[in-house]
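Q: 3D, please:
(2 chains)
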Protein chains: 2
Amino acid sequence: MWYQNDVTKNLGTKYPIIQAGMAGGITTPELVASVSNSGGLGTIGAGYMSVTDLNECIKHVKKQTNLPFGVNFFIPEEPEYSEEQLNQMQKLLKPFKKELNLFNDGPFILKQIDIERQMETVLKEKVPVCSFTFGIPPKEIMKELKKEGIQVIGTATTVEEALINQECGVDLIVAQGSEAGGHRGTFLGTYDESMIGTFSLLPQVVDAVEVPVIAAGGVMDGRGVVAALALGAKGVQMGTAFLTNKESGAKEIHKKAILQAEETSTTLTSAFSGKPARGITNSFIHMMKEYENQILPYPVQNALTKELRREAGNQRNPEFMSLWSGQSPRLSKDVNVHELMDSLVMEVEKGIHNLTGQ
Amino acid sequence: MWYQNDVTKNLGTKYPIIQAGMAGGITTPELVASVSNSGGLGTIGAGYMSVTDLNECIKHVKKQTNLPFGVNFFIPEEPEYSEEQLNQMQKLLKPFKKELNLFNDGPFILKQIDIERQMETVLKEKVPVCSFTFGIPPKEIMKELKKEGIQVIGTATTVEEALINQECGVDLIVAQGSEAGGHRGTFLGTYDESMIGTFSLLPQVVDAVEVPVIAAGGVMDGRGVVAALALGAKGVQMGTAFLTNKESGAKEIHKKAILQAEETSTTLTSAFSGKPARGITNSFIHMMKEYENQILPYPVQNALTKELRREAGNQRNPEFMSLWSGQSPRLSKDVNVHELMDSLVMEVEKGIHNLTGQ
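A: Reported below is the predicted structural model:
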């Protein structure tokens, strides 16, 4: 069968289908558990999570499934910026905040994510799978994870990044094509040169590494799964396709925006977080274009726009929200996870059948 | 069999594999005829060809094959520019020319391609297939082509462009993903928003139109063909994969640059022609980045850089040549057309076999 391969063997899932660990409240315990219960790998997006929240989320997932699931982490960075740049951006954001009736101007405190303590939680809770974005995990962390038999998934946007992931000892590599929604996983070279389409990226990464490769970027249905397998991937990671599901914690206005979007609706922007990410174009992205060179590094910019994004969500104002989406919103569906997974599997089997021509 | 479908029926070829009509001397009669003789559709890139050259090229192809072949045309545009802008760009290009020992500064004359007369040649010579880039063919031309039973292929980079092509009556639509080398076929909307990866573009176009869709962008081997079919395409169009073939008229230095390039080596630039195109980054692209807003519209910029590009080619200086390439140069091969086509077909069959898992 198409789904019996190294990926399902490593992950302990029925299907080589991974729900991307989207950060920012999208991956509710319900979403994660439903994906795992449907035969895929649900993933908690812990990118911005406190240790307490992560702990709680893991416990809630475990209550709803006995099957393997994962947690996705952001490799932390030390941003360099001056007080002056900070003040300038705060001043720039003021009119946007004013439009949403946000007036508090407390002192700026950057709360960095403590990945060491996040890892302690993962080890203590015996989370079966860990995936990483924005770089490779530090050696000590890799050692601990390996010791506990935890499967490690790395993220690469170029062949070079894939090779570095392999060298560091990951068990699987997600190859993220330029179609992908949300943040670019790029951690080497420039963002521009790392915008490789999934169709080009996959076979070139597959040829370069020995670890099984997972396709990400543009995979939305069974056709995408079959195409990814044809290009040499052993599995897929899907974000946008799960984001619009009933169990997803994405704001309704975000889901609606994707369900109504076209393939030309998205763009790359660093305006929300300081790192390029793909989302549906809106007023904020548009207006910030002019100030591109003033955007602060991740995660400072992210912290600066947090309140704005949250309040916009509360007010159902899509113009100031980060409406992450890949380039295939026309293929998104307003369904629950079981429905999506069932149709995916059916489509894959039909697709393979059609290729054999009988 | 995987290759018996509407595309091969319409085109009269054995395989649904089209060699892209790359302009600028790449599509020699030998290349075109070899592709057709190997079961694909060879295509003359007539984008910049005079009627005399086109006529001669068609006759040479016919001497070498009795099988169907095509001609690709650029829909002409009326560029708007001032004398001042022209002078400014000529001044800007002077130091580049000087580096190649080019000193002649004759008056600038823009020779526009006469598509009506090109069409007369096509009709007279009963060319079996015509494809178009940069827009849809005028109604009168469509009528003539249809009357003669000539198959018409349109090019689309978005769903909207595909729908307009369908409305105009084309028989097949090439969906050009962002991975593709050479010029973007975009003729509606902005170039930025039309950079849709093949993996996302294909299924969304397939869902929107009834005409068979041909995948372009990142297709280099049998894996790409199977993936394209899985995503709903009925065939593929390949440029870069044929460009490095022995029969191709591309300069050896161009072939060598692709054969040694990596997936991150290419970029989009308008510096050579006035229209965005994907090629391997070099000094000229790099240095012209700064003057992006001074670049003249196509085909004026193209005419202005013509001598520079040609002389750079003669001097084997890759830094001033337009080294068009898609995003999968690692998959390019220094082979002849027959070898490429044979391995393609073998790989497709192996790929389909592997998917069925037996």
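Q: Can you report how many residues lie near A:Asn87?
A: Using other CB atoms under 10 Å in any protein chain shown, A:Asn87 has 11 other residues around it. Every C-beta, even on glycine, is put in place using the N, C-alpha and C of the backbone.
Q: residues touching it, list them.
A: Counting by CB atoms under 8 Å, 6 or more residues apart in numbering or on different chains, A:Asn87 touches no other residue.
Q: mean confidence for stretch A:207-219?
A: In this model, stretch A:207-219 has an average pLDDT of 98.
Q: Let's test this: mean pLDDT of the helix or strand where A:Gln90 lies, rounded?
A: Using DSSP states H and E, A:Gln90 sits in helix A:83-99. Mean pLDDT, helix A:83-99: 94.
Q: Where do the strands of chain A begin and end?
A: A:17-19, A:42-45, A:69-74, A:129-133, A:151-156, A:172-176, A:182-183, A:213-216, A:235-238, A:266-269, A:277-280 (DSSP state E).
Q: Below-threshold pLDDT in chain A: ranges please.
A: For chain A, applying pLDDT under 70 flags the ranges A:105, A:358.
Q: Show me where it has its helices.
A: Counting by DSSP state H, chain A has helices at residues A:6-11, A:29-37, A:51-64, A:83-99, A:115-124, A:139-147, A:159-168, A:198-208, A:222-230, A:240-243, A:252-259, A:283-288, A:300-314, A:337-356.
Q: Please tell me I have it right and A:Tyr81 contacts A:Leu296.
A: Yes - between A:Tyr81 and A:Leu296 there is a contact under CB atoms under 8 Å: 5.2 Å.
Q: who's more crowded, these two?
A: A:Leu296 (23 against 14).
Q: Over to the more buried one: give its phi and psi.
A: Note on A:Leu296: backbone dihedrals following degrees, to the nearest 10 are phi -80, psi 160.
Q: which stretch among the helices of chain A comes nearest B:Met22?
A: B:Met22 sits nearest to helix A:198-208 of all these, at 17.8 Å, using CB to CB.
Q: Spell out which residues of the stretch 251-358 of chain A are next to chain B.
A: A:262-265, A:267, A:281, A:326-328, A:330-331, A:351-352, A:355-357 (CB under 8 Å from any CB of the partner chain).
Q: Now, of these, which are buried?
A: A:262-265, A:267, A:281, A:326-328, A:330-331, A:351-352, A:355 (16 or more other CB atoms under 10 Å in any protein chain shown).
Q: CA-only coordinates of the helix holding A:Gln90, as CSV, when you get a sec.
A: Extracted C-alpha coordinates of helix A:83-99, given in CSV (Å, rounded to 0.1, in the frame of the first residue of the first chain):
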residue,chain,number,x,y,z
GLU,A,83,16.1,51.4,21.2
GLU,A,84,15.7,53.9,18.4
GLN,A,85,14.5,51.4,15.9
LEU,A,86,12.0,50.1,18.5
ASN,A,87,10.6,53.5,19.2
GLN,A,88,10.3,54.2,15.5
MET,A,89,8.3,51.0,14.8
GLN,A,90,6.1,51.7,17.9
LYS,A,91,5.4,55.1,16.5
LEU,A,92,4.7,53.7,13.1
LEU,A,93,2.2,51.1,14.5
LYS,A,94,0.4,53.8,16.6
PRO,A,95,-2.1,54.9,13.9
PHE,A,96,-3.0,51.2,13.1
LYS,A,97,-3.6,50.6,16.8
LYS,A,98,-5.7,53.8,17.1
GLU,A,99,-7.9,52.5,14.3
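Q: ok now it, how far from the chain's centre?
A: 28 Å (CA atoms, centre = their mean, to the nearest Å).
Q: just stretch A:184-193 next, same as before
A: 15 Å.
Q: Repeat that for stretch A:150-161.
A: 13 Å.
Q: now check that stretch, is it near chain B?
A: Yes - Stretch A:150-161 lies within reach of chain B by CB under 8 Å from any CB, at A:Thr158, A:Val159, A:Glu160.
Q: Skipping adjacent residues, who's closest to the second one in space?
A: Setting aside the residues directly before and after it, A:Val159 is nearest to A:Ala208 in space (CB to CB, 6 or more residues apart in numbering or on different chains), at 4.8 Å.
Q: Could you report the separation of that neighbour from B:Ser265?
A: Using CB to CB, to the nearest Å, we find A:Ala208 at a distance of 15 Å from B:Ser265.
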